[in-house]
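A.B. asks: only geometry, no sequence info:
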């Protein structure tokens, strides 16, 4: 039994760093690497890519809106022609840097506001799918279970993968509790680690109301942008390993 | 007998357009396409790439300093690690867009201040060469005859090509007359067209002092950012064709 | 009887120019000058400000979303703290440039997507009003008649002014016909000029269905970003002048 | 006897923070606040300004090259018209934010590569002086003792102030030891604190070769971008206070 652990890396820009990429590369099996539109400058991206290649961590393109000041977290009404081209551009930039380091980009995970937008917005979801397919139809699209973008990707014949969020509470319907609700973000590392083991082994989580709900995911998203976050991620990995679960990427090598 | 005609295209950004790309694609055999750092946003780049592919025009990456406000025309003291990564990033972004349109990037031409800088600065010249080699050592580096960057490229085993500037005066030593000097830029389209025919057929130009000087170039650079400029470029092409000279890219297909 | 003519100026950026500012400064009484977030770099802004001061044209801050690639035309979900600070920053930057040229900023007109957003979105409307009031509560806020932002500005005690669009069709309810509808944009300069005279003298326009509807505006917005546009603007001014209507800014000097 | 303590603040951007502004505002008497070109977004600038006003810390405009990716630390060959306008724009933006918080900008300190460039480059030094004078000729220009920019500022009639760097070694000629030399940066907080007391009380420092050299400065620059740095800054303040030296800004209120 295996599962993937993914995290957002390469999120610095110029003088500014964010998160502890070196530490996270010891924990995760998949690195969602920023591509320069919401975060990530080429030299920083390259350093993270180099670390990922050295650690055998699978590399995905973490594509976002062109919004450095907002870190790609603000909804933007981007026209289809722009969005398709923006996503192709970002994947291509990361591909070249990754190839220069002897690695390859094997999946795409949209970031922030774009991620949330294409969970329900059909037009932008189709734009992202079109862009990924235009680059390489073997790239896996990683997203939220039940999201519009994964449905569109499947309709287009793209491989997909689903993720759960380690530190987030779930509703009785199996969706994420909104960040605006109390209790939406979990903080107890041991509790989180146990939940993830149960999710992988039994396909369930305990929802915010105490009920047990079915949640299946190919990958578990962990965060690394604070000291507490890296410890929590490490605790999740440890608990999975102790439970005999292998940590392994969902994305096949393309060659 | 053949020669290449190259021009800078894809130089708009968002709401702003520059030059008449559609017209120039009827004239040139090679398009130096901006990659987003000094000009060019993804959707505009894609449109120009589409036109180039449709017209059978060879596509090169026009890489520059990260300086939109200065159009990449300001000298910048960029550290090597940054410059190498910036150039890889730009080429990769253009490659993905070009592949999505069924074409391929086959050469690299540095732009503006970077072009001038690496004509003499060894450190930055080596950085650019390292970046191009890291992406694909079959990419042709297009530059100024006698420039440091071409010497470095050759030392590294990269294919190179040289260019002359159709509308520029030359010194008796065969170098460009500085733009700060009177008479450095030529304006008579017929005269320019005749000079280019002579350059291709005899390997010479008449220098600013009236002497005849040897200048050899694989490609002739023509501009398209004003109505007069496109007419001049068309006149150069016409004169070359009338002289029996084929217009053909210097860069082989990579496949 | 007088009316103001306003137009969007200073909309170049670096190498890219847009519109004929010099010509428009002969036509309008108020210049909405871009402040660098959706368009306008400092040196270009300064040149336009200098021209406006020399021509006696009143200067307003054309504030927008931070979105150069989208020219501020894409809806963005900007948090209140960010939006307030962004608007203060833009007005202040223009104020310093304007004072350095011996002029003063006397009004604010939001641009593009922000303009449309705050016509109905209460939260962002209040943010813009708060920003303007924080800079100088004597600045006039120029906007769409009936818009939420003008209502909020009045509630806050800010002076306001309303504008009509010379080249746009109106509904029988006196609102603008959506650009997505056929016939929404008018092209006949003589017809447009006559409509504007009627609007000023009688407070009415002929709506798209032929009915006559009441529309009152302190200012008429004319465009200058194409050769045809400047001619149309000149024709409007000429017709107003022939009808004995003075062209005069709505915004008082602050001193 | 008094001296000023200054530090670079407001250097975050969007999601990225840098340094502990709240802590530094308890230590310094002058805050060099980034203006958005090399660092600082409006909402972050505003927060730092608010803190400075609340703490009674004097506010200066930390103006830099337009180079977010390089943090304004890369030499750029910016044309005079651009540089003058860029500096006016930055000061104006900070002025508006500062006034909105009930404070005022009373001095200007160029940042990074611009700071170093105008220590010796006459053309860019004059550009900066022209910009400051164009905004308000009462603004104090803070710079390196003996620098070209201070000489130009004095020739223009601008008030000036000089600074020393707490954690830097000096040559026997009283200039800074280049960062490329070993021993150029000091690390012992107690030693640094003692040096600063001697500098203020006796106008001397011990140079890198052990000789005693005359150095006079109106302000001491301390850094705050790491935990160790804030402690060092606090130690300097404590030692000055223990020596009976008041910590006070050099810049008079403008009103």
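C.D. replies: Cool, got the structure. Since we're looking at a predicted model, the values are computed, not measured.
A.B. asks: give me the three-state assignment for whatever residue of the stretch 101-250 of chain A ends up closest to chain B.
C.D. replies: Of all residues in the stretch 101-250 of chain A, residue A:134 sits closest to chain B, at 3.9 Å by Cβ to the nearest Cβ. For the C-beta atoms, the positions are set from N, CA and C on the backbone; glycine is no exception. The three-state label given to residue A:134 by DSSP: H, G, I helix; E, B strand; the rest coil is helix.
A.B. asks: surely it is in contact with residue A:88?
C.D. replies: Yes. Assessed by Cβ atoms under 8 Å, residue A:134 is found in contact with residue A:88 at 5.7 Å.
A.B. asks: more neighbours: which of the two?
C.D. replies: residue A:88 (28 against 19; other Cβ atoms under 10 Å in any protein chain shown).
A.B. asks: so the more buried one belongs to a helix, correct?
C.D. replies: Yes. Applying three-state DSSP, one finds residue A:88 inside a helix.
A.B. asks: ok, back up a step: nearest residue to the residue of the stretch 101-250 of chain A closest to chain B in space, please, no chain neighbours.
C.D. replies: residue B:100 (3.9 Å; Cβ to Cβ, 6 or more residues apart in numbering or on different chains).
A.B. asks: state which strand of chain A is the longest.
C.D. replies: strand A:2-9 (DSSP state E).
A.B. asks: hmm, who's touching the next helix-or-strand element following that one?
C.D. replies: Sequence order places helix A:21-24 as the next helix or strand after strand A:2-9, per DSSP states H and E. Under the criterion Cβ atoms under 8 Å, 6 or more residues apart in numbering or on different chains, residues A:7, A:9-10, A:31, A:47-48, A:51, A:224, A:230, A:233 lie in contact with helix A:21-24.
A.B. asks: circling back: what lines up beside the longest strand of chain A in the sheet?
C.D. replies: According to DSSP bridges, strand A:2-9 forms sheet pairs with strand A:30-34 (parallel), strand A:219-221 (parallel), strand A:246-247 (parallel).
A.B. asks: buried set for it?
C.D. replies: A:3-9 (16 or more other Cβ atoms under 10 Å in any protein chain shown).
A.B. asks: what's the answer for stretch A:201-212, then?
C.D. replies: Buried-residue list, stretch A:201-212, by 16+ other Cβ under 10 Å: A:204-208.
A.B. asks: start to end distance for it?
C.D. replies: 14 Å (Cα to Cα, to the nearest Å).
A.B. asks: pLDDT (mean, whole number) over it?
C.D. replies: On average, the pLDDT along stretch A:201-212 is 96.
A.B. asks: now do the strands in the stretch 1-150 of chain A.
C.D. replies: Per DSSP state E, counting those that start in this stretch, the stretch 1-150 of chain A carries strands over the ranges A:2-9, A:30-34, A:58-62, A:105-108, A:140-143.
A.B. asks: mind putting those strands into JSON lines with mean pLDDT and distance to residue B:124?
C.D. replies: Formatted as JSON lines, those follow (pLDDT from 0 to 100; distance: least, Cβ to Cβ, whole Å):
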{"stretch": "strand A:2-9", "mean pLDDT": "98", "distance to residue B:124": "29"}
{"stretch": "strand A:30-34", "mean pLDDT": "98", "distance to residue B:124": "26"}
{"stretch": "strand A:58-62", "mean pLDDT": "98", "distance to residue B:124": "28"}
{"stretch": "strand A:105-108", "mean pLDDT": "98", "distance to residue B:124": "28"}
{"stretch": "strand A:140-143", "mean pLDDT": "98", "distance to residue B:124": "38"}
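A.B. asks: got the ones you listed as a markdown table, with distance to residue C:25 columns?
C.D. replies: Putting the strands of the stretch 1-150 of chain A into a markdown table (distance: least, Cβ to Cβ, whole Å) gives the following:
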| stretch | distance to residue C:25 |
| --- | --- |
| strand A:2-9 | 49 |
| strand A:30-34 | 44 |
| strand A:58-62 | 46 |
| strand A:105-108 | 48 |
| strand A:140-143 | 51 |
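A.B. asks: ok, the residue nearest to residue A:127 when sequence neighbours are not counted - how many residues close by?
C.D. replies: Of all residues not flanking residue A:127 in the chain, residue A:83 sits nearest, at 4.2 Å (Cβ to Cβ, 6+ apart). As a burial measure, residue A:83 scores 27 neighbours (other Cβ under 10 Å).
A.B. asks: could you do residue A:193 as well?
C.D. replies: 22.
A.B. asks: the nearest residue to it once chain neighbours are set aside: which element?
C.D. replies: Of all residues beyond its chain neighbours, the one nearest residue A:193 is residue A:239 (3.6 Å), with distances taken as Cβ to Cβ, 6+ apart. Remark: residue A:239 resides in helix A:227-242, with elements defined by DSSP H and E.
A.B. asks: how far away from the center of its chain is that helix?
C.D. replies: Distance of helix A:227-242 from the chain centroid (Cα atoms, centre = their mean, to the nearest Å) equals 17 Å.
A.B. asks: what helices or strands is whatever helix or strand residue A:196 lives in leaning on?
C.D. replies: Assigned by DSSP H and E, residue A:196 falls within helix A:189-202. Applying 3 or more Cβ pairs under 8 Å, 6 or more residues apart in numbering or on different chains; DSSP states H and E, one finds that helix A:189-202 contacts strand A:204-206, strand A:219-221, helix A:227-242.
A.B. asks: which of these is buried the deepest?
C.D. replies: strand A:219-221 (a mean of 25; mean count of other Cβ atoms under 10 Å in any protein chain shown).
A.B. asks: quick one, what contacts the residue of the stretch 101-250 of chain A at minimum distance from chain D?
C.D. replies: Residue nearest to chain D within the stretch 101-250 of chain A: residue A:225 (9.0 Å; Cβ to the nearest Cβ). Residues in contact with residue A:225 (Cβ under 8 Å, 6+ apart) are A:8, A:11, A:18-19.
A.B. asks: and residue A:71, by the same measure?
C.D. replies: A:38-39, A:112, D:14-15.
A.B. asks: contact partners for the closest residue to chain B within the stretch 151-255 of chain A?
C.D. replies: Proximity of the stretch 151-255 of chain A to chain B (Cβ to the nearest Cβ) peaks at residue A:254, 14.0 Å away. By Cβ under 8 Å, 6+ apart, residue A:254 lies in contact with A:104, A:106, A:136, A:138-139.
A.B. asks: out of the residues you listed, which comes closest to residue D:162?
C.D. replies: Nearest to residue D:162, judged by Cβ to Cβ, of the contacts of residue A:254 is residue A:104 at 55.1 Å.
A.B. asks: for the stretch 51-200 of chain A, what lies in contact range of chain B?
C.D. replies: Taking Cβ under 8 Å from any Cβ of the partner chain, the part of the stretch 51-200 of chain A that reaches chain B is made up of A:81-82, A:84-86, A:88-97, A:99-100, A:134-135.
A.B. asks: nearest to residue A:147, out of the helices and strands packed on helix A:189-202?
C.D. replies: strand A:219-221 (13.7 Å).
A.B. asks: before I go, just wanted to say thanks for your time.
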